[in-house]
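*Asks:* Can you look at this prediction? I've put the sequence above it.
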Amino acid sequence: MTSIDLVAAPPRHVLERTRCAVGTLLPAALAELPDETREVVEFGLARQDFSTAALVLLSAEAFGDVDATGAALALEFAHLHEQLHADLMIRGGAWEVFGADRVVSAADALLSLAVARLGKHGVVVLNVALMSVVDGYVQEIGMDEEDDTDMAQHLGVAAAKHSSLPAAACELGALAAGASASQAGHLRQFGDDVGLARKHVDDVLTLRDDLTRGRRTLPVVAAAKAGMTVDGGRKWCEQQAELLLARALNHLRRCGPRARAAEELSSLAREVTTARCAPAPAVPAQPAGRSTTLPGA
């Protein structure tokens, strides 16, 4: 067993430490916003676990002693920007509380706040990540209009929407601390795999609600394509999350990080992915096509 396989620090401690670190910068950042916009942003921040910011800070700590709190806050703002747009798409969350106009204004403001806290290269990396997210949404809309879609398409959309920002967070943190291109590349892949693993777990945890609403999420599509029950699709997603986590930890080992930061990154990766898959009662054992009535499922 290597040091990276150990769970050294409680993940909650990592997230609390991150909140405290970036929290010192929040008052000045939020003071730049009009009151109505700030209210939406504060509502959104209260729902964030600050794991995106934690990836930046821990990735920086993996290679040096550098203050990466500005970049960490920038990536957390970018993540909230994406989350607010997700609320608009599903007409939930902030959209229900504040309405579309205020949410759009807040999302735009968050992007400006993020860009202002990054250097030129950081802005380029963030822009590429957000364009990937947008492309994921565009592909998803197109797929909703198709009767037949394959698993590769759904996985591609999931990766575009949910892996891009964690990957960017890890890369920017590593580069801020002087990591080589190869080291930053491995940490980027670490973040990419963790993001997709987390999406698999998220879809498992919301499966019952998604079935009720007729959503084609990963376990539903996997079940339909393989001709198995939706419970089988759930188990498949849990297995995929395990495999993605293992691949992420392999990239973490290969980048040669400091031991303490590596242990905390490993611990955080597990906490936001497979550790959340507690045993749960099986969903109704019906074929996916019958239980969901989804187009193309």
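*Replies:* Everything's here; your move.
*Asks:* Relative to residue 101, how far out is residue 48?
*Replies:* Going from residue 48 to residue 101 by C-beta to C-beta, to the nearest Å gives 22 Å. All C-beta spots, glycine's among them, are computed from the backbone N, C-alpha and C.
*Asks:* Among these two, which residue is more densely surrounded?
*Replies:* Legend: neighbour count by other C-beta atoms under 10 Å for residue 48 and residue 101, higher for residue 48 (16 against 9).
*Asks:* for the one helix or strand residue 268 maps to, packing partners?
*Replies:* Per DSSP states H and E: residue 268 is located in helix 259-272. Judged by 3 or more C-beta pairs under 8 Å, 6 or more residues apart in numbering; DSSP states H and E, helix 259-272 is in contact with helix 11-23, helix 51-61, helix 181-205, helix 230-254.
*Asks:* Now tabulate these in JSON lines and tack on mean neighbour count.
*Replies:* Output for the helices and strands packed on helix 259-272, formatted as JSON lines (neighbours: other C-beta atoms under 10 Å):
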{"stretch": "helix 11-23", "mean neighbour count": "17"}
{"stretch": "helix 51-61", "mean neighbour count": "28"}
{"stretch": "helix 181-205", "mean neighbour count": "23"}
{"stretch": "helix 230-254", "mean neighbour count": "20"}
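*Asks:* Please name whichever of these is nearest to residue 110.
*Replies:* helix 51-61 (12.5 Å; C-beta to C-beta).
*Asks:* per-residue confidence averaged over that closest one?
*Replies:* What helix 51-61 shows for mean pLDDT is 98.
*Asks:* Over to stretch 263-279?
*Replies:* Across stretch 263-279, pLDDT averages out at 92.
*Asks:* Show me what counts as buried in it.
*Replies:* For stretch 263-279, burial by neighbour count (16 or more other C-beta atoms under 10 Å) applies to 263-274, 277.
*Asks:* swap in stretch 142-154?
*Replies:* Within stretch 142-154, the residues that qualify as buried are 143, 149, 153, 154, counting by 16+ other C-beta under 10 Å.
*Asks:* Quote the end-to-end distance of that stretch.
*Replies:* End-to-end span of stretch 142-154 (C-alpha to C-alpha, to the nearest Å): 11 Å.
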